[in-house]
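K.L.:
The following comprises the amino acid sequence and a computationally predicted model.
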Amino acid sequence: MIEKKGLFYEFEYYLLPDDVSSVAELEEKYGHRAFETVRYEQKTCMAPYVTGESERIETISVSDYSLAFDATLFVLPQKEYDAKLRENIAKTCPSCHYYTDDGDEDISTHYDEISYDNVCYRHSIDGEFPYFARAAFFWEKFAAARGKLEKLLDKGKVKAAKKLFETIKAGAVISDSFLFKKGDVYTVCFVGAREDVYSVMVDAVLQCRTDDIPDTWEFYPYLKKGVFTYNKKETGFDMKKTPPLFSVKEEDGWFRLHFAAPERYSKKRAWMYKEAAYLYLCEQMGEDLMLFFTNERGDAEKGEPLISAEAVCRMFESRVTDEIKEQYPESLYRPIARMDGQNAPGKDLPFRGDTQYFTTAAPSISIPSLSGEQSLLHEEYGFTFGYLYVGGLDFDNDTENAEKVMATLAHYMSGGKKKNSVSAASTGATYYTSGFSLEFLMLDGHSLYEKFRLLAPVLKKFGARLVVLKGGRPLVYDCENGPRIASETLS
């Protein structure tokens with residue numbers, strides 16, 4: 001095995017040219033000029049352990065040095081790598097739910113699963129599918145049923161199409177959904193869930209959309225105005241004959257939206273009517289607008305002043321300023337809430353003591369998690385909340401560098417070589433006196449750790465630490481080659 005100085009750039013590992021020994025020297029000597037080098041194709045190996053057989057001669061140039069990092073690579077023959085991999089399989093794989101020993105275990109399926117240093121990123125005791133697999137399975141089922149869905153919608157058989165779609169999304173998406181056909185376009189609108197974890201599921205699935213789904217299909221994670229259409233046959237309520245009424249109160253810039261129902265209705269029918277009124281209001285203004293300004297939804301109390309759906313729409317629409325339009329050009333879905341440091345949650349957790357301000361697009365996930373609450377809904381679905389911390393920055397005197405570090409980390413965390421896959425969903429960020437953290441819901445810890453392994457040169461350069469909250473207990477990981485659990489968290 002030979003240790004070599006490498007370059008990590010845009011999710012790929014390269015050798016540095018022979019006449020330079022660091023990225024700093026590369027920038028000084030070559031700048032943005034092209035140079036010939038070796039790229040390591042990780043089909044039969046996993047960096048930083050790479051094989052001579054995986055070397056590919058390429059000519060590249062570095063256009064953005066903020067994305068280039070020094071890396072240490074360990075190069076060995078493929079035969080030696082495979083021998084070590086077989087040893088690792090024999091030690092690690094027998095306890096895995098998916099392991100089958102037929103006497104001649106094929107190691108080709110393990111190259112992207114288990115590393116040379118014996119870290120497995122697919123190991124499963126109970127056989128539970130990780131979320132990225134469930135999201136991928138959704139699109140497989142959708143592709144297989146797409147023709148039938150289109151025929152049903154072409155014939156106006158919306159109820160049958162929805163029933164079929166329910167079988168497609170089973171196991172991947174919990175939010176309710178509606179299907180439409182307008183012109184040549186087929187559309188699916190998911191209901192913007194009251195619980196953020198359900199919206200995260202929808203967002204993750206839509207992020208994994210495969211290239212074989214034609215543009216004639218559109219998907220929205222909320223009930224979009226101009227697309228979603230209220231159907232009185234489906235709900236059982238004609239809102240023209242029995243117009244819905246609402247109670248709206250403003251509190252600290254938010255609206256408290258309460259739904260009313262005719263007094264003659266039974267308790268069950270009143271509940272059904274209010275659910276229908278919600279859908280009707282979404283058709284009028286768009287669900288994203290309603291959720292953007294609403295901090296509480298509930299039932300109107302007897303005697304509360306009531307207004308029409310049209311009046312509610314005018315109130316909400318009047319609040320959309322040019323600044324809001326600029327910040328949310330496509331839709332108002334999943335707005336970002338901000339809290340000052342004094343009121344921010346989690347100040348007793350690692351690295352968060354000097355919180356200046358906290359932002360989140362998923363308050364029902366991040367706030368309870370950071371506050372140490374038990375029995376969290378997302379943990380019931382096998383998801384874990386965590387944050388990636390970077391310190392040693394000076395936002396006051398060197399804002400440009402601090403923002404560059406944030407942009408680089410966001411670039412690498414949000415992208416990747418593996419298309420149509422998702423390991424974590426961003427929920428927000430926290431800013432400290434001398435650092436920041438990116439918060440997220442881990443949808444699949446194994447694949448997220450695999451990504452951290454790929455990004456090890458980036459995370460090592462920034463001194464990043466991962467904090468995972470399980471059952472209210474923080475576990476701190478260092479991310480230089482892993483991540484690995486920091487020894488102090490085990491004492």
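P.N.:
Ah, there it is.
K.L.:
rest of the way, CA atoms for contacts and neighbours
P.N.:
Noted.
K.L.:
all strands of the stretch 201-350 of the chain, in order?
P.N.:
When assigned using DSSP state E, counting those that start in this stretch, the strands of the stretch 201-350 of the chain occupy the ranges 217-220, 245-251, 254-259, 294-299, 307-308, 337-340.
K.L.:
what stretches of the stretch 51-200 of the chain score poorly on pLDDT?
P.N.:
Counting by pLDDT under 70, the ranges of the stretch 51-200 of the chain that qualify are 101-105, 127-128.
K.L.:
so where do the strands sit in it?
P.N.:
If you assign secondary structure with DSSP E, counting those that start in this stretch, the strands in the stretch 51-200 of the chain sit at 55-60, 68-76, 177-182, 185-190.
K.L.:
now the longest one against strand 55-60, angle please.
P.N.:
Here strand 68-76 runs at an angle of 160 degrees relative to strand 55-60 (axes from the mean of the first three to the mean of the last three C-alpha atoms, to 10 degrees).
K.L.:
same for strand 68-76, what does it pack against?
P.N.:
The criterion is 3 or more C-alpha pairs under 8 Å, 6 or more residues apart in numbering; DSSP states H and E, and the helices and strands that strand 68-76 contacts are strand 2-9, helix 23-30, strand 49-51, helix 456-462.
K.L.:
for the ones you listed, which one ends up most surrounded?
P.N.:
Ranked by mean neighbour count under mean count of other C-alpha atoms under 10 Å, these are led by strand 49-51, which reaches a mean of 24.
K.L.:
Give me the pLDDT value at the nearest residue to Ile367 once chain neighbours are set aside.
P.N.:
If the residues on either side of it in the chain are set aside, Ile367 comes closest to Pro345, at 6.1 Å by C-alpha to C-alpha, 6 or more residues apart in numbering. What the model reports for Pro345 is a pLDDT of 93.
K.L.:
How many residues are close by Pro345?
P.N.:
Residue crowding around Pro345 was assessed by other C-alpha atoms under 10 Å; the count is 21.
K.L.:
wouldn't Thr187 be in contact with Asp215 here?
P.N.:
No. The pair Thr187 and Asp215 does not pass the contact test of C-alpha atoms under 8 Å, sitting 10.3 Å apart.
K.L.:
The two: which has the busier surroundings?
P.N.:
A side-by-side neighbour count of Thr187 and Asp215, using other C-alpha under 10 Å, places Thr187 first with 18 against 9.
K.L.:
how close does Met442 sit to Ile114?
P.N.:
Per C-alpha to C-alpha, to the nearest Å, Met442 is found 20 Å from Ile114.
K.L.:
I'd like the strands of the stretch 51-200 of the chain as a markdown table, with distance to Ile307 appended.
P.N.:
Below are these laid out as a markdown table (distance: least, C-alpha to C-alpha, whole Å):
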| stretch | distance to Ile307 |
| --- | --- |
| strand 55-60 | 64 |
| strand 68-76 | 58 |
| strand 177-182 | 27 |
| strand 185-190 | 27 |
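K.L.:
is it possible to export the strands of the stretch 201-350 of the chain to a markdown table including mean pLDDT and distance to Asp211?
P.N.:
As requested, the strands of the stretch 201-350 of the chain are exported to a markdown table (pLDDT from 0 to 100; distance: least, C-alpha to C-alpha, whole Å):
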| stretch | mean pLDDT | distance to Asp211 |
| --- | --- | --- |
| strand 217-220 | 97 | 12 |
| strand 245-251 | 93 | 43 |
| strand 254-259 | 94 | 40 |
| strand 294-299 | 90 | 36 |
| strand 307-308 | 97 | 44 |
| strand 337-340 | 89 | 33 |
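K.L.:
Please produce JSON lines containing those, extended by mean neighbour count and distance to Ser95.
P.N.:
Listed next are the strands of the stretch 201-350 of the chain as JSON lines, based on neighbours: other C-alpha atoms under 10 Å; distance: least, C-alpha to C-alpha, whole Å:
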{"stretch": "strand 217-220", "mean neighbour count": "15", "distance to Ser95": "40"}
{"stretch": "strand 245-251", "mean neighbour count": "18", "distance to Ser95": "55"}
{"stretch": "strand 254-259", "mean neighbour count": "19", "distance to Ser95": "52"}
{"stretch": "strand 294-299", "mean neighbour count": "14", "distance to Ser95": "47"}
{"stretch": "strand 307-308", "mean neighbour count": "14", "distance to Ser95": "61"}
{"stretch": "strand 337-340", "mean neighbour count": "14", "distance to Ser95": "44"}
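K.L.:
And those strands: which comes nearest Thr360?
P.N.:
Relative to Thr360, the nearest member of these by C-alpha to C-alpha is strand 337-340, separated by 5.3 Å.
K.L.:
got the contact list for the closest one?
P.N.:
356-361, 363 (C-alpha atoms under 8 Å, 6 or more residues apart in numbering).
K.L.:
rerun that using 6 Å as the cut-off
P.N.:
Around strand 337-340, the neighbours that count as contacts under C-alpha atoms under 6 Å, 6 or more residues apart in numbering are 357-360.
K.L.:
So which of these belong to strands?
P.N.:
Within those, membership in strands is found for 357-360, as judged by DSSP state E.
K.L.:
Show me which of these are buried.
P.N.:
Buried by 16 or more other C-alpha atoms under 10 Å: 357-360, out of these.
K.L.:
Of those, which is the nearest to Ser426?
P.N.:
Taking C-alpha to C-alpha as the measure, Ser426 sits nearest to Thr360 out of these, at 8.9 Å.
K.L.:
neighbours of the residue nearest to the closest one when sequence neighbours are not counted, just the number please.
P.N.:
If the residues on either side of it in the chain are set aside, Thr360 comes closest to Gly428, at 4.1 Å by C-alpha to C-alpha, 6+ apart. Other residues near Gly428 number 21, with proximity taken as other C-alpha under 10 Å.
K.L.:
Just read off the phi/psi values of Gly428.
P.N.:
Dihedral angles of Gly428 (phi, psi; degrees, to the nearest 10) stand at phi 160, psi -160.
K.L.:
mind listing what Lys141 touches?
P.N.:
Under the criterion of C-alpha under 6 Å, 6+ apart, the contact partners of Lys141 comprise Ile168.
K.L.:
And it, how close does it get to Ala170?
P.N.:
Using C-alpha to C-alpha, we find Lys141 at a distance of 10 Å from Ala170.
K.L.:
and what of Arg473?
P.N.:
Computed with C-alpha to C-alpha, the distance linking Arg473 and Ala170 is 31 Å.
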